[in-house]
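J.: After the sequence you'll find the predicted model.
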Amino acid sequence: MKTIGNQTKLAIENFGIGSLDRDFIAAYGDVKKAAIVSLYKVTDKLSEEEYTAIINSIDSLIQGKFDDLIVTGFKQGGAGTSINMNINEVIALTASQKAGFEIDPIEKVNLFQSTNDTFTTALTIMAYRHLSRVEDKIVKLQEALITKENEYSSIVMTGRTEMQAALPITLGQVFGSFAGPVERDRWRLNKLKERIRTIALGGTAIGTGFGASINYSFEAEKQLRNSTGLPLCRSQNLPDEISNADKYAELANGYKLIALSIVKIAGDLLFYTSSDIDEIDPTELQYGSSIMAAKRNPVILEFIRGLAFNIQGECFKIDLYVQNGQLQLNPYLPFLTESLITIYHDLVKLIDAFLSKFINIIQINTKKIEENCINSKIIFNCLLPLIGYNKAKELYKKSKESNLTSLVEIKNFIKNETNIPDEDIKKVFNP
């Protein structure tokens, strides 16, 4: 049974054997199906037998039954022509075998299409689906952080600036500050849906529509929107849609900002979970050392930061691919696609691990939090509006000689050494 076409064989010789992500294959199948359904509906280019055989093969492609026959990878020259031809040939060969007569991969399966309008349309579909899933993950992360903000609202701890004790803050407020950038990430992702939903299908090679009828183009848009359930719309500037890929750089920048936020949040948590600070217990998930039995490592925080670094690197690559498009086409879309797929999978792994292996199972060491707060003497910084800088400095120095060991003792010390009303002292201890 012949399942590898001639153009696919040549691509393997030029670029080597590869594979494609399942989501991208399914998206490309969606594009091919919309094209064939539209062809059959508005033209007489396909017989009923040809149409039925091709559609059955496309359905099998979408369902993942031909994944092992897609042997071209994303690292290739030609703007994705090898991928398009691999898919065309698989559909044509399998359809021919079932129909009992030859179906041509170019004259039939690829009719009214080019690589340039089908590849970017498939990429848009996959990118939109991935964006929606990442948005769902970000919503769950934001909700988890807000839950912790409320749960820890009464735990007073040491607020720090430049790695030094500064003023009291609640642990709830700290988690609220973590939720802030995640909330903005959620907003940005939602806005990006509008930016990336335009498609080029029907524009064929350079956006002029050469080689396809206008009735087919509008029908293909409608069919694709209906079959995918996505709010896709035909670009009002098809030469732009095929020539420029900046919408993917904008999408990547949204993902990069998530990674930046995660690096900062996880960095803060590395401090809070360190053995010297020990205010948050991350739960020991595995051995910390093969030679040090009493050592524990912050493996999940390191894992998600490493993934975040990798995401930022892939985003930078996307910028390079986008800016190096040439004239009426960007030949680096396959490379760009691979980077977007890597970013998506890394983001999903990152958020899932952060939630299930850290946020949802951490324990708070309230005793250590109070001990650190007492030792830092930051409460005295809160007295400035009440007694002034010099008096607060004097009290701070005197407290160091008094061996205060609890927040209650500090509160009583302030009460005995000043004329501050009890109500005002209570406010100092409730940031």
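T.: Good, I have the coordinates. Numbering: from 1, shown residues only.
J.: Not counting sequence-adjacent ones, nearest residue to residue 381?
T.: Nearest residue to residue 381 in three dimensions, chain neighbours excluded: residue 167, at 5.4 Å (C-beta to C-beta, 6 or more residues apart in numbering). (Each C-beta comes from the backbone N, C-alpha and C, glycine too.)
J.: so what's that neighbour up against?
T.: Contact partners of residue 167, counting by C-beta atoms under 8 Å, 6 or more residues apart in numbering, are 159, 378, 381, 382, 431.
J.: go again using 10 Å as the cut-off
T.: Counting by C-beta atoms under 10 Å, 6 or more residues apart in numbering, residue 167 makes contact with 158, 159, 160, 161, 376, 378, 379, 381, 382, 431.
J.: and it, that's in a strand?
T.: Yes. Assessed by DSSP: H, G, I helix; E, B strand; the rest coil, residue 167 belongs to a strand.
J.: picking that back up, so which of the contacts of residue 167 is the most crowded?
T.: residue 379 (26 neighbours; other C-beta atoms under 10 Å).
J.: List the contacts of that residue.
T.: Going by C-beta under 10 Å, 6+ apart, residue 379 touches 156, 158, 167-168, 373, 392, 395-396, 399, 404, 407, 410-411, 413-414, 425, 428-429.
J.: please redo it, this time with the cut-off set to 8 Å
T.: Taking C-beta under 8 Å, 6+ apart, one finds 168, 373, 407, 410, 414, 428, 429 in contact with residue 379.
J.: Can you tell me which of those residues are buried?
T.: 168, 373, 407, 410, 414, 428, 429 (16 or more other C-beta atoms under 10 Å).
J.: Which positions in stretch 243-251 come out as buried?
T.: Of the residues in stretch 243-251, those buried (16+ other C-beta under 10 Å) are 243, 244, 245, 247, 248, 249, 250, 251.
J.: ok, how many other residues are close to the closest residue in space to the first one that isn't next to it in sequence?
T.: Read it as residue 243. Spatial nearest neighbour of residue 243, excluding adjacent residues (C-beta to C-beta, 6+ apart): residue 328 at 5.0 Å. For residue 328, the count of nearby residues is 15 (other C-beta under 10 Å).
J.: Now do residue 328 against residue 319, distance only.
T.: According to C-beta to C-beta, to the nearest Å, residue 328 stands 21 Å off from residue 319.
J.: What are the contacting residues of stretch 266-277?
T.: Contacts for stretch 266-277 (C-beta under 8 Å, 6+ apart): 163, 174, 178, 279-282, 296, 298, 301-302, 304-305, 308, 354, 358, 368, 372.
J.: Filter those residues down to the buried ones, ChimeraX style.
T.: Buried members of the contacts of stretch 266-277, defined by 16+ other C-beta under 10 Å, are picked up in ChimeraX with:
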select :174,178,279,280,282,296,298,301,304,305,308,354,358,368,372
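J.: May I ask you to name the longest helix in the chain?
T.: helix 115-151 (DSSP state H).
J.: Moving C-terminal from it, which element do we reach first?
T.: strand 156-161 (DSSP states H and E).
J.: In CSV, list the C-alpha atoms belonging to that following strand.
T.: Below are the C-alpha coordinates for strand 156-161, written out as CSV (Å, rounded to 0.1, in the frame of the first residue of the first chain):
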residue,chain,number,x,y,z
VAL,A,156,1.0,39.3,59.5
MET,A,157,4.6,38.9,58.2
THR,A,158,7.7,40.8,57.2
GLY,A,159,7.4,43.0,54.1
ARG,A,160,10.8,43.4,52.4
THR,A,161,12.3,45.8,49.9
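J.: Could you pull up the mean pLDDT of it?
T.: The average pLDDT within strand 156-161 is 90.
J.: Please name every helix or strand in contact with that strand.
T.: Strand 156-161 is packed against strand 164-170, helix 366-376, with contacts defined by 3 or more C-beta pairs under 8 Å, 6 or more residues apart in numbering; DSSP states H and E.
J.: Of all those, which one comes closest to residue 229?
T.: With C-beta to C-beta as the measure, strand 164-170 is the member of these nearest residue 229 (43.8 Å).
J.: Okay, buried residues for the closest one please.
T.: Using 16+ other C-beta under 10 Å as the test for burial, strand 164-170 gives 165, 168, 169, 170.
J.: Stretch 48-66 too?
T.: Neighbour-count burial for stretch 48-66, counted by 16+ other C-beta under 10 Å, picks out 50, 51, 53, 54, 55, 57, 58, 60, 61, 62, 66.
J.: so where do the helices sit in the stretch 301-431 of the chain?
T.: Listed in chain order, the helices of the stretch 301-431 of the chain (DSSP state H, counting those that start in this stretch) span 333-354, 366-376, 384-387, 389-400, 407-417, 422-428.
J.: what helices or strands is the longest one leaning on?
T.: So the one you mean is helix 333-354. Here helix 333-354 touches helix 22-42, helix 115-151, helix 246-273, helix 299-323, going by 3+ C-beta pairs under 8 Å, 6+ apart.
J.: Now with 7 Å, please.
T.: Applying 3 or more C-beta pairs under 7 Å, 6 or more residues apart in numbering; DSSP states H and E, we find helix 333-354 packed against helix 115-151, helix 246-273, helix 299-323.
J.: Just put those in TSV and tack on distance to residue 83 and mean pLDDT.
T.: As requested, those are exported to TSV (distance: least, C-beta to C-beta, whole Å; pLDDT from 0 to 100):
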stretch	distance to residue 83	mean pLDDT
helix 115-151	7	97
helix 246-273	17	97
helix 299-323	16	97
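J.: With distance to residue 222 added, can I get these in TSV?
T.: TSV is the format used below for these (distance: least, C-beta to C-beta, whole Å):
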stretch	distance to residue 222
helix 115-151	14
helix 246-273	22
helix 299-323	29
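J.: Quick one: closest of those to residue 363.
T.: helix 246-273 (10.4 Å).
J.: Flag every buried residue along that closest one.
T.: 247-252, 254-263, 265-266, 268-270, 272-273.
J.: Next SSE downstream of that helix?
T.: Downstream of helix 246-273 (by DSSP H and E), the next one is strand 280-281.
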